[in-house]
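> Fold the following.
(2 chains)
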Amino acid sequence: MNKVLKSDVAQFPLNAIGQSILRKEDPKLLTGRGRYLADITLPGMLHAAFVRSPFAHAKITHIDVAAAAAMDGVELVWTGTDTQRFTQGVRAGQNCDNYVHTTQPAMAHEIVHFVGETVAIVVAASRRLAEDAAELIDIDYEELPVVADIAEANEASAIANAEIPDNIIHHNVRVAHDVDDTFANAALVVEDVFYNNRVSASPMETRGCVVNHEWTTGLITFWSATQIPGFLRTMLANFLQIPEHTIEVITPQVGGGFGQKAHVHVEELVICLCARELSQPISWVEDRQENLLSATHAKHQINTMAIAVDNDGRFLALKNHATTDSGAYNCFPWSASIESKIGVGTCTGVYKIPLVRGESLEVATNKCLIGAYRGVGWSAGQTAREILIDRAARELKLSPFEIRRRNVIRTEDFPYTNATDLRIHEGTFLETIDVLERMVDYENFKQRQLDARAVGKYIGLGLSIFHELGGIGTRTNSYFGNPVTTYDSSTVRVDPTGTVTVTTALASSGQGLPTTLAQIAADALGVSVDKVVIRAESTANAYGLGTFASRAAVFGAGSIGRAADVLRTKIKQIAGHMLEVSPEDIVLENDTVHVAGVPARGMSMAEVAGAIYFAESAHPENFDPTLEATATFDPADNILANGGHAAIVEVDIETGIVRIEKVFAVEDCGQMINPMIVEGQMRGGIAQAIGATMLEELVHDENGQLVTTTFMDYLLPSAVDVPDIEIEHLTTPSDLVPGGIKGLGESAMISAPAAVAGAVNDALACLGVSITRGAITPSRIFEALQNAQT
Amino acid sequence: MKRVAEDELIQVRTTVNGRSYTFSTEARVNLADALRYELGLLGTKVGCEHGVCGACTILVDGKSARACLMLGVQAEGRDISTIEGWATGKELNPLQESFRRHHALQCGFCTSGFLATATELLRENPTPTREEVRERISGNLCRCTGYETIVDAICDPEVAAFARGEQSA
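Alright, predicted model coming up:
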């Protein structure tokens, strides 16, 4: 008997896959008919407002809720003491050695650990009333010493969170080769300290949930703007001790997530408990200030990095020490290790660097917790490494393309196991460099750069070549030292009329999954895309971890492919029987089931399905007529997509203002499902990269007070900040995923920040200026120029 | 000026998408919330409530306006146009079609605001340059698309034809 593996790759001809099919969901969204979380209204629905901590670290000495509770229209006022009766909150960490787990209470009781932490909740007839009442809650705090940044955390004069000894959540030495001699004897060493700014994913729709508890049946309906409905359901059950089968999580239209909505947030626990207490539906829709204060922050790392290089520009060794300013708690489920631990795991990138010392450190501070945001821990280290490579190229008078060509892993090297123990068996790294060089027209650029300098203008080119561990499953988690098993399933049903209903937990937050997953299912069953519907909006449908980490395309193709395989076999069996040929001679294509090469000898999918459901006389002997199948998927190995970015910028050295002239992008995500959507992901990610590099920064003062709490202080890129982007594709299909598909959603936020930051550095290198601290604002450029002159 | 008590309801008569409405609201309720929860026109989205993101942009007497920066009572006597009024029955208008064709939306949360801003621009100038479009839509934030496809959609020749009123109905 053949062993059935959940990594098995279904085979089917590609037809819809590869086509830029217009999105099924667009007409709804273009006419205002999409229903997002805040659009849900239920009979008797109440509204919640949270009271949040105004201090970064303080003891709660007294809370008086009497005035708030007495207000007309107020149904419930709770503090942390109330929620503590039902749940300890969110316990988070990684199940590996020497990991400090933390417990974030549903609402703070006794101690607050960051500005914005939940302290109390008011549930009232309207959000307005709830906010009015929240203002009447009287709270006394006794301020405690604040750990406002990593430097203070190291001095250990204060402790950010008593659960975390010495402010260290985790220290991990990923690889520890002896590199000292190599560095001592190298022709060139490039090194620096890189400060990656703290940012917010800032989806245009903030977080929120609506919860209804029906006490007569015990059933809880939980609408959440989440990327992980299935996992959220399990964790609500775990953290709140509610039987899982009584909970249904429904994902309405979601207005962007980018990782921020791939967490279990404490607010979700609180709303669920309040709804159960009142047995009335409660809506919580956070405002933008709450989002900037309390929804997970991201990317806050300090990377000390050095590369030893020989005279020919070959990389000999790399040192990387990456520290994450982690905030006061581990986020769930990723933990604080979502940043530097993951980043160090790919610190050599696409290059052959034989010797590496790489270690990561997660440090606790009195700030909002660090969580997942597109590109997670990779962005900061990628930026550090690529800027250093550019610097080495300038020192050695090599072009940035040539130095990378001399070091990338090439086809003849596959399979190549790198210094961090990643086995790389495919990728178009060298080709990416060549394509980018042509797109940039490097010879022309060099001349333009010289001509510009002659008239006092400073233009620069930045380059970044990447690979991406996408489609993250059990193997990839294990590679990153996080021993967890992933589970993702789809159920595929061919309906009696021959249409196809796919249910999955791969909820969309704007990525186009209702269309792309339909393209996969259509090809897997030989039907047209309009015969397929994707139902991902409820946990009543299917179980899975959800949509994040460039994984929905991979897990969708894998699980839908495997489930459809079961149905294909049955359809061929009955069609063969009806047509009196061997099942092996039957093909499914163009909405029909027919003898291979003889379309006339066949019937429509509707006829076959109808016979399976309603015509026992047509069944072969011992035929099981079930025409739906559920399958999981988990790739057999790491899946590597790759590509590169180049950016050209002009820096005005009088004002410090940077104009991004052009960005070029190359992506190899294997077989594209829908090229239009692939390019949409690339462009959107590049815009976020420009924001994170040049504009966006969550700034805390020395008391741990967040001072960027509106979009007037926290600057998202607008249409005048993002240029037109030139895109080319390379195609290395994966043999681990049906159709050869790979994921790509994260890629631009992994790599494009390095290209943009590198371009600014290249523009100013001739003035002896380097910029290693983001965001690269005009004032930071001005400061760097001033320092260079003194 | 008429004075009202804090929680006193004020009656407002207005026109939205060609239809007359009368609703009662507290003075402090902003126009976005009034449209959404008093009139049930949920297509107008609220992204920041402080006038920066542009998601709530609507047309008031033909001019773009941030519904989060106006009060519901300011709808009195106005002629308001929102996303619910821009398709004809089940037929998208050419600007909406163009957004779809050019993949100018992903999560869709900012889309109604962009359509409002673009509609106003195209009425003034059916054939704006890419730079003019970028400048005009710079008050609307989109976190998904990177803007280029939105510019493509607004600059599409079929949209220009529509905007010039040259297309037969």
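> where does the chain dip in pLDDT?
I'll assume chain A. For chain A, the stretches with pLDDT under 70 are A:1-4, A:156, A:790.
> actually it's chain B I care about, not the one you picked
B:1, B:166-169.
> all strands of it, in order?
Remark: strands assigned in chain B by DSSP state E are B:9-16, B:19-26, B:57-60, B:63-66, B:79-81.
> Spell out for me which residue occupies the centre of chain B.
Within chain B, one residue has its C-alpha closest to the average C-alpha position: by CA atoms, centre = their mean, that is B:Ile58, at 2.7 Å.
> for that residue, which residues make a bridge with it?
Per DSSP bridges, the residues bridged to B:Ile58 are B:Ala65.
> quick one: contacts for it?
B:Ile58 makes contacts with B:Leu31, B:Leu35, B:Thr44, B:Ser64, B:Ala65, B:Ala67, B:Ile80, B:Ser81, B:Thr82, B:Ser112, B:Ala116, as judged by CB atoms under 8 Å, 6 or more residues apart in numbering or on different chains. Any C-beta I mention is one placed from the backbone N, CA and C, and that applies to glycine too.
> what's the closest of those residues to A:His594?
B:Ser112 (46.2 Å; CB to CB).
> wait, doesn't the closest one sit right on B:Ala55?
Yes: applying CB atoms under 8 Å as the test, B:Ser112 and B:Ala55 come out as touching, 7.4 Å apart.
> Overlap of the contact sets of these two?
Shared contacts of B:Ser112 and B:Ala55, counting by CB under 8 Å, 6+ apart, come down to B:Lys45.
> quick revisit: right, so the strands of chain B: which one is the most enclosed?
Mean neighbours per residue, mean count of other CB atoms under 10 Å in any protein chain shown, is largest over the strands of chain B for strand B:57-60, with a mean of 25.
> distance between it and the chain's centre?
For strand B:57-60, the distance from its own C-alpha centre to the chain's C-alpha centre is 4 Å (CA atoms, centre = their mean, to the nearest Å).
> Quick check: A:Arg475 vs A:Leu744, distance?
For A:Arg475, the distance to A:Leu744 under the criterion CB to CB, to the nearest Å works out to 19 Å.
> Neighbour count: these two, which is higher?
Between A:Arg475 and A:Leu744, A:Leu744 has the larger neighbour count (other CB atoms under 10 Å in any protein chain shown), namely 25 against 18.
> Identify the residues contacting that one.
With CB under 8 Å, 6+ apart as the criterion, the residues that contact A:Leu744 are A:Glu468, A:Gly470, A:Ser550, A:Ala553, A:Ala641, A:Gly643, A:Glu667, A:Cys669, A:Val678, A:Gln681, A:Met682.
> Take those and keep only those in helices.
A:Ala553, A:Val678, A:Gln681, A:Met682 (DSSP state H).
> Can you tell me the closest non-neighbouring residue to A:Glu702?
Nearest residue to A:Glu702, sequence neighbours excluded (CB to CB, 6 or more residues apart in numbering or on different chains): A:Ala148, at 5.4 Å.
> May I have the phi/psi pair for that neighbour?
When read as degrees, to the nearest 10, the backbone of A:Ala148 gives phi -90, psi -20.
> residues touching it, list them.
Applying CB under 8 Å, 6+ apart, one finds that A:Ala148 lies in contact with A:Ala56, A:Thr365, A:Asn366, A:Lys367, A:His700, A:Asp701, A:Glu702, A:Asn703, A:Gly704.
> okay, now the last one: neighbour count?
What that stands for is A:Gly704. When neighbours are counted by other CB under 10 Å, A:Gly704 registers 23.
> From A:Thr365, how far out is the nearest residue to it once chain neighbours are set aside?
Leaving aside its chain neighbours, A:Gly704 sits nearest to A:Ala56 (2.7 Å; criterion: CB to CB, 6+ apart). To A:Thr365, A:Ala56 is 9 Å away according to CB to CB.
> for the stretch 101-250 of chain A, what spans make up the helices?
In order along the chain, the stretch 101-250 of chain A carries the following helices (DSSP state H, counting those that start in this stretch): A:127-135, A:150-155, A:180-185, A:229-240.
> Mean neighbour count and distance to B:Thr88 added to those, as TSV?
Output for the helices of the stretch 101-250 of chain A, formatted as TSV (neighbours: other CB atoms under 10 Å in any protein chain shown; distance: least, CB to CB, whole Å):
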stretch	mean neighbour count	distance to B:Thr88
helix A:127-135	20	35
helix A:150-155	17	58
helix A:180-185	13	70
helix A:229-240	21	36
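> Save those helices as a markdown table, and put in distance to chain B too.
Formatted as a markdown table, the helices of the stretch 101-250 of chain A follow (distance: least, CB to the nearest CB, whole Å):
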| stretch | distance to chain B |
| --- | --- |
| helix A:127-135 | 7 |
| helix A:150-155 | 28 |
| helix A:180-185 | 40 |
| helix A:229-240 | 16 |
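> Test my guess that B:Thr14 contacts B:Gly77.
Yes: contact between B:Thr14 and B:Gly77 holds when scored by CB under 8 Å: they sit 6.9 Å apart.
> Tell me the one among the contacts of A:Leu744 nearest to A:Ala237.
Of all those, A:Ala237 sits closest to A:Ser550, with 27.8 Å by CB to CB.
> Skipping adjacent residues, who's closest to that closest one in space?
Once its chain neighbours are removed from consideration, A:Ser550 has its nearest residue in A:Gly743; the separation is 2.9 Å (CB to CB, 6+ apart).
> Can you tell me which residue of chain A sits closest to chain B?
Residue nearest to chain B within chain A (CB to the nearest CB): A:Gly32, separated by 1.9 Å.
> In CSV, could you pull the C-alpha coordinates for stretch A:474-491?
Taking Å, rounded to 0.1, in the frame of the first residue of the first chain, the C-alpha atoms of stretch A:474-491 are listed here in CSV:
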residue,chain,number,x,y,z
THR,A,474,6.1,22.5,9.6
ARG,A,475,9.5,22.1,7.9
THR,A,476,10.2,25.9,7.7
ASN,A,477,9.1,26.5,11.3
SER,A,478,11.4,23.8,12.3
TYR,A,479,14.2,25.4,10.3
PHE,A,480,13.7,28.6,12.2
GLY,A,481,14.0,26.7,15.5
ASN,A,482,10.2,26.8,16.3
PRO,A,483,9.1,23.2,16.7
VAL,A,484,5.4,23.5,15.6
THR,A,485,3.3,21.5,13.2
THR,A,486,1.1,23.4,10.8
TYR,A,487,-2.4,22.1,9.8
ASP,A,488,-4.3,23.5,6.8
SER,A,489,-7.2,21.8,5.1
SER,A,490,-9.6,22.4,2.3
THR,A,491,-12.8,20.6,1.5
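> If we go by neighbour counts, what in it is buried?
Of the residues in stretch A:474-491, those buried by neighbour count under the rule 16 or more other CB atoms under 10 Å in any protein chain shown are A:474-477, A:479-482, A:486-491.
> got CSV for the residues you listed, with secondary structure too?
Compiled in CSV, those are given as follows (DSSP: H, G, I helix; E, B strand; the rest coil):
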residue, secondary structure
A:Thr474, helix
A:Arg475, helix
A:Thr476, helix
A:Asn477, helix
A:Tyr479, helix
A:Phe480, coil
A:Gly481, coil
A:Asn482, coil
A:Thr486, coil
A:Tyr487, coil
A:Asp488, strand
A:Ser489, strand
A:Ser490, strand
A:Thr491, strand
